[in-house]
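# sequence first, then the predicted structure:
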Amino acid sequence: MYVNLGLIGDPLGHTLSPMLHTYFLNMTGINGGYTCYEAKSAEELPSLIDLFHKYFFVGVNVTVPYKTEIMRYCDYVDSSAERIGAVNTLCFRNNKVFGYNTDVYGFERMLADAQISVKNKKVLILGAGGAARAVAEYMRNMCPAKTIIANRSEYRAKDLVSSIGIDAEIVALESVDKISCDIVINTTSVGLQGEPFPVYAYPLEAAIDIQYKSGYTPFLSLYEKSLIKKIDGFSMLVWQAQRAFNLWTGTKPIPNISKLANIAFGDK
Ligand code: ATR
């Protein structure tokens, strides 16, 4: 049987998902393919869903900007994805569409790889967008000693706290240099256009960025000279993909993260 897999999003020019899923297909010996569908507007989503049914797709990833919009086309949405308000993985079963969010698992495995535990720790999350919601969902499950959320717009932080249902303190982004914490996690998109990271926190144990690039991200470069752990989001990307692949195929290929980073960047 040929396993049809795919991705919806826009833009998809730089996506690493086809490389990751082709790697998993090769590793497991499953005969299949991963096709990208760049949807120029949300109006294309229903016809894409029809196409996936017609060609017996097993699973599809969903990325920016459709992770929330796609939920209305799901027959079932996993409770964690519901709280996060975003679906990044669709499974097609019995002519029905099931929606999941695999970012929480990706985040969990990234921490495990880095041997970081949030138990009894003070965790500071920068940002309150979609990525921050997945991180907050993880904190909701793991109950660190304290979770603090710092976002540019306070209303989005409040919204996150109420929809995830997490016990967290909200502080102003500019005040993070006055807060003590063990672990700081950047979930914002700041720095992607080359601008310097605008605030500085003082974590005792680790700085984690869910962004990734070849070399240090702008956020992690703040800590270049510090002895704390510095983790970027590449392994989270790989593990969220592995979880999607697991939902689709039932297999659990164990990725070699540094080999994949080498394929992606050539120098990690
Ligand atoms: P994602 O799904 O990747 O999390 P998003 O939902 O657009 O993307 O969220 C982007 C995050 O980066 C938000 O926390 C946003 O802050 P606001 O909620 O105030 O918009 C944050 N962000 C983006 N640009 C920023 C900037 N220049 N300074 C501070 N925060 C910024």
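Thanks, I have it.
# OK, contacts around the closest residue to the ligand within the stretch 101-250 of the chain?
When scored by CB to the nearest ligand atom, the stretch 101-250 of the chain has G129 as its residue closest to the ligand, at 2.0 Å. Bear in mind the C-beta positions are built from the backbone N, C-alpha and C, glycine included. Each residue near G129 by CB atoms under 8 Å, 6 or more residues apart in numbering is listed here: R156, T187, T188, S189.
# then the third one would be within a helix, right?
Going back to what we said before, that points to T188. No - T188: not assigned to a helix; according to DSSP: H, G, I helix; E, B strand; the rest coil it is coil.
# ok, it touching I125?
No - between T188 and I125 there is no contact under CB atoms under 8 Å: 9.7 Å.
# the spatially closest residue to A42 that is not a sequence neighbour: neighbouring residues, count only.
Spatial nearest neighbour of A42, chain neighbours left out: E69 (4.7 Å); criterion: CB to CB, 6 or more residues apart in numbering. Residues near E69, counting by other CB atoms under 10 Å, number 16.
# now do the one 10 residues further on
By the other CB under 10 Å criterion, the neighbourhood of S79 contains 7 residues.
# mind listing what the closest residue to Y76 other than its chain neighbours touches?
Of all residues beyond its chain neighbours, the one nearest Y76 is F98 (4.9 Å), with distances taken as CB to CB, 6+ apart. Listed by CB under 8 Å, 6+ apart, the contact set of F98 reads C74, D75, Y76, V77, D78, L90, C91, F92.
# kindly report the same for Y73.
Contact analysis of Y73 by CB under 8 Å, 6+ apart lists L45, P46, I49, V97.
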